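K.L.:
what follows is a predicted protein model with its sequence.
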Amino acid sequence: MTHVDRNAASSIDPIFRPKSIAVVGASRQKHSIGWAILHNLLGCEFQGEVAPVNPAAPVVHSLRCHTSVETIPGPVDLAILVVPSRFALEAVESCGRKGVKGVIVITAGFKEVGEAGARLEQEMLGVARRYGMRIVGPNCMGVINTDPAVRLQATFSATEPLPGNIAFSSQSGALGEAALSSMRDLGLGLSMFVSLGNKVDVSGNDVIEYWEHDPRTKVILMYLESFGNPSKFVEIARRVTATKPILAVKSGRTAAGARAAASHTGSLAGADIAVESLLAQCGVIRAASIQELFVYASAFSTLPVPRGDRVAILTNSGGPGILATDACVQLGLKMTALSPATQEAMRRVLAPEASVVNPVDMIASATGPSYEACLKALVADDHVDAVITIFTSLDMFDNVGVANGILKGIGATTKPVLVVFMGKAGAQEAIGLLKAAELPVYTFPEDAANALFALVRYRRWLERPVGRIVAFTDFQPERISAILRPCRAAHRTQLTLAEAQSVLEGAGIPVAPWREAADPDAAAAAAAELGFPVALKVSSAAIIHKSDVGGVKLKVRTPEDVRRFAADLLRGARAADPQATLVVQRMVSGTETIFGVSVDPKFGPLLMFGLGGIFVEVLKDVAFRVHPISDVDAGEMVRSLKAFPILAGTRGGKAVCLSALEQTLLRLDQLLTAFPEIRELDINPFFASPDREGCVAADARITLAE
C-alpha cells in the first residue's frame, strides 16, 4: 500500500485524466444512473479503457461485464461507484485491493441522511486513505474533462458540454446538471467540471490547486455551500487569483435564528459577512446568482482584463445607450471623454443627427460600416479602456452585416469589447459569428456593464499590493496576560471596563486618560488629576450594558458633581454587582468610530471598523475582514466605508489621521493572534482626530471564551 501527499494536486490526476475506468454498478436499465454514466463515457468517446462491473449481467452496452473490480485484467486508474450505500464500503475496499488510484462515489445515503450515514462515510474515507486513494463525493454527479486527449464525461448528465477554457466546481449535483445545460445554451465551453458532493476527501481547495496549473483552464467557477478549510482556501485562492480569476456563488446569504450577541460587532456580523470578507481578501469575484456567474464568465473567458475603468458606449438606439450609461455610472465605471480626433473620425461616417460624445448614439440608420468605423476610432482612443457596443436589431436590419462590421472594427485590439444584441429574433447567425470570434454577447446593457465591472474589479486585485502582517514591538503580552489570568482563574468571560481598557493599552491602542475609583472621594480626586470635564462610567464584569443600570454620566464639571453622580452610579451598579467600581475618564471629542471583533464559528475572528453613532446603529456602515489582516487590508477597511468622505475631510473639513485608524486595526489583529481566547471586543466610541495624539478609545468591552 502507498500513501499520498494529501495536499498534492497531482494526487487527483487519475480522477481527471484516467487511462482506464471501472463503472461499478453499471446497469442495463435505460436512463438509470449506472446506465447513463457508462453511456456518456462511450458516447463522448473516452480515450481509454472502460470496464463495467455488475455480477448479475454478463454484458452491458456491448461490453463484457466483470463480477468485481478485482477481476478486471490490467490496471484501473478510476472507479465510479453507483452501488447502494450499504455496498459502498466493500466496493471501496475492493478498489483498494485492486490498486485503483481514484474513486468517484456517485451514491447518496451518507452524512446527508444522518449520523449512521456520516459514520459510513468516515469508514469509507479510512479505507481510501489506507490504500492511498482519493475520493470525489459521495452524493455527487461525477467529473468531466473535455481535453481531446481524454474526453472524459463521467457524469450522469444528459448534457454534452462544449469544450472551452472554464473549469467549474459545484458542491450541488442537481445545480451542476442545470448549470451544464445553461452553459451549453450560452455557448460557454468547459475545460473541466467536478461535482464535489459531500466532500469527504477531494475538496474545492484541491481542485483549485489542480486547475491552477492546467493550461486549458483560464477561468475557475465555483458554486459553494460550505468551506471545509477557510484559512487554506484563502492561502490557495490568493495565490491562484494572481494568475487566474476565480468567480464564485456562495449560497446561504441569510441564516434563520442567528445567535444573539452582546457586542455591536457580533450583532452586525450577519450570516454572510464572513463569506463576503473572506472572498474579498483573496481576490475571488463573487456573483449574486448562477445567472450572474455566467454573465461574468462570458467576459472572463473571452476578453482581456481592461487597463483601467474608462468606458465608451456605442449604440444605434438612445434608450439602451442610456441604460448602459446609468449602469456603468452606478457601478463606479467612468464614462470617458472622447478625444477630438475620435469624435471627428466618427462624424465623417455618421448622419448629422448622430451624437459623437460618450455615449455615442449612431441613431437607427447605422450600418455595419458605421459600426466598423466607429469601433476602430474608439479602440484607438487612448482615453478608452473598454467599449460596450449595442445593436438593437429589427427585421429590416442586416444583422450579419452589423456583426461583421463589429468584428472588423475591433480588429486585433487588446481592449475588451462587450457586445449587446437586443431583439435577437432572426439574429442567431450574427450572434454565432460574434461568439465564434470569442466575443461575449449579452441581451441587455446592464449585464454587459456588470461583466465589465467584474473585469475592472479583477484588474484592481491584480494591481493591489501584496500587503504584510504587522507585529508592533511595543506590544506588551505580559501585561495583557496579567489582566486575563485572574479572569480565567475566576471563570469569568466578561472583563470589566477597567480591565478592557488596560488590555487595549497593553496592545498599544491609545485610550483617553482615565483612572479607576472605588468610591466618590476617589472619583473626585481622579477627576481633579485628569482635568474637567470628565465622564463617569460603571466598571463591572456582571453588567454587560452600562446603560441598563444608568451607568454612564458625561460632561461632569465639578468635584461636587463628581461625588454626587459617583454615589448614585455606584449605588445602582452595586445592587447588581457588589464588586462594581467606576472609571473616571477625561472627556474627549472627534469623529466617532467603532472597532470590533466577533468570532464566526466557521471562519474564526472577524475584525470590524465603521463610523460610530447613527452610522453604526442605523446605517450599519461598517467593514469586516477575516483575521489575520495585512496592512493593505486595514487600509481598504478604512476606505471602503460609504461615509469615508467624512473621515477624509468633506466640505472643507480636516481629514482625520487615517494611519492611526489603520494602526488600531493592525494592533487588534496582533491582539487576536496573541490571545485567541478573546471572542468579542468593541471599542465604541473611538474618537478620530486630525492629530494622531487625538485619536483615542473612550470605551471598550471584551468577552473571553467559555
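P.N.:
Perfect, thanks for sending it.
K.L.:
where exactly do the strands run in the stretch 301-450 of the chain?
P.N.:
Assigned by DSSP state E, counting those that start in this stretch, the stretch 301-450 of the chain shows strands spanning 310-315, 334-335, 360-361, 386-392, 417-422, 441-442.
K.L.:
what helices or strands is the third one leaning on?
P.N.:
Based on contacts counted as 3 or more C-beta pairs under 8 Å, 6 or more residues apart in numbering; DSSP states H and E, the elements that strand 360-361 packs against are strand 310-315, helix 318-331. Any C-beta I mention is one placed from the backbone N, CA and C, and that applies to glycine too.
K.L.:
please identify the deepest-packed of those.
P.N.:
The highest mean neighbour count among the helices and strands packed on strand 360-361, using mean count of other C-beta atoms under 10 Å, belongs to strand 310-315: a mean of 27.
K.L.:
distance from the chain centre to that strand, please.
P.N.:
Relative to its chain's centre, strand 310-315 lies at 29 Å (C-alpha atoms, centre = their mean, to the nearest Å).
K.L.:
what does that strand rub up against?
P.N.:
321, 324-325, 328, 333-336, 338, 358-362, 371, 374-375, 378, 381, 383-392, 452 (C-beta atoms under 8 Å, 6 or more residues apart in numbering).
K.L.:
let's see 6 Å
P.N.:
By C-beta atoms under 6 Å, 6 or more residues apart in numbering, the residues outside strand 310-315 that reach it are 321, 324, 328, 333-334, 336, 358-361, 374, 378, 384-390.
K.L.:
what lines up beside it in the sheet?
P.N.:
Its sheet considered, strand 310-315 pairs with strand 334-335 (parallel), strand 360-361 (parallel), strand 386-392 (parallel) by DSSP bridges.
K.L.:
closest one to Gln663 among these?
P.N.:
For Gln663, the closest of the strands paired with strand 310-315 is strand 334-335, at 32.2 Å, according to C-beta to C-beta.
K.L.:
need the helices and strands packed on strand 360-361 in CSV (columns: distance to Ala490 and mean pLDDT).
P.N.:
As requested, the helices and strands packed on strand 360-361 are exported to CSV (distance: least, C-beta to C-beta, whole Å; pLDDT from 0 to 100):
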stretch, distance to Ala490, mean pLDDT
strand 310-315, 61, 98
helix 318-331, 53, 97
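K.L.:
can you tell me the SS state at Pro18?
P.N.:
coil (DSSP: H, G, I helix; E, B strand; the rest coil).
K.L.:
Lys620 now?
P.N.:
coil.
K.L.:
which phi and psi does it have?
P.N.:
Dihedral pair for Lys620: phi 50, psi 40, per degrees, to the nearest 10.
K.L.:
tally of neighbours for it?
P.N.:
12 (other C-beta atoms under 10 Å).
K.L.:
show me the strands in the stretch 501-650 of the chain, by range?
P.N.:
Ranges of strands in the stretch 501-650 of the chain, per DSSP E, counting those that start in this stretch, are 514-517, 534-539, 552-556, 581-586, 591-600, 604-611, 622-626.
K.L.:
need the contact partners of the first one.
P.N.:
The reference is to strand 514-517. With contacts defined as C-beta under 6 Å, 6+ apart, strand 514-517 is touched by 498, 523, 526, 581-585.
K.L.:
give me the below-cutoff pLDDT ranges for the stretch 1-150 of the chain.
P.N.:
Residue ranges of the stretch 1-150 of the chain with pLDDT under 70: 1-8.
K.L.:
could you say which helix or strand holds the residue sitting nearest the centre point of the chain?
P.N.:
The residue lying closest to the centre of the chain (C-alpha atoms, centre = their mean) is Leu279, at 2.4 Å. Counting by DSSP states H and E, the element that carries Leu279 is helix 273-281.
K.L.:
helix/strand/coil for Asp201?
P.N.:
Once three-state DSSP is applied, Asp201 turns out coil.
K.L.:
hmm, it is touching Ile135, no?
P.N.:
Yes. Using C-beta atoms under 6 Å, Asp201 is in contact with Ile135, at 4.0 Å.
K.L.:
of those two, who's got more company?
P.N.:
Higher neighbour count among Asp201 and Ile135: Ile135, with 28 against 24, using other C-beta under 10 Å.
K.L.:
would you say that one is within a strand?
P.N.:
Yes. Counting by three-state DSSP, one finds Ile135 located in a strand.
K.L.:
how much space between it and Ala36?
P.N.:
21 Å (C-beta to C-beta, to the nearest Å).
K.L.:
and the helices in the stretch 451-600 of the chain?
P.N.:
477-489, 497-506, 520-530, 559-576 (DSSP state H, counting those that start in this stretch).
K.L.:
dump these to JSON lines, plus distance to Lys537.
P.N.:
Shown next, in JSON lines, are those (distance: least, C-beta to C-beta, whole Å):
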{"stretch": "helix 477-489", "distance to Lys537": "18"}
{"stretch": "helix 497-506", "distance to Lys537": "6"}
{"stretch": "helix 520-530", "distance to Lys537": "11"}
{"stretch": "helix 559-576", "distance to Lys537": "8"}
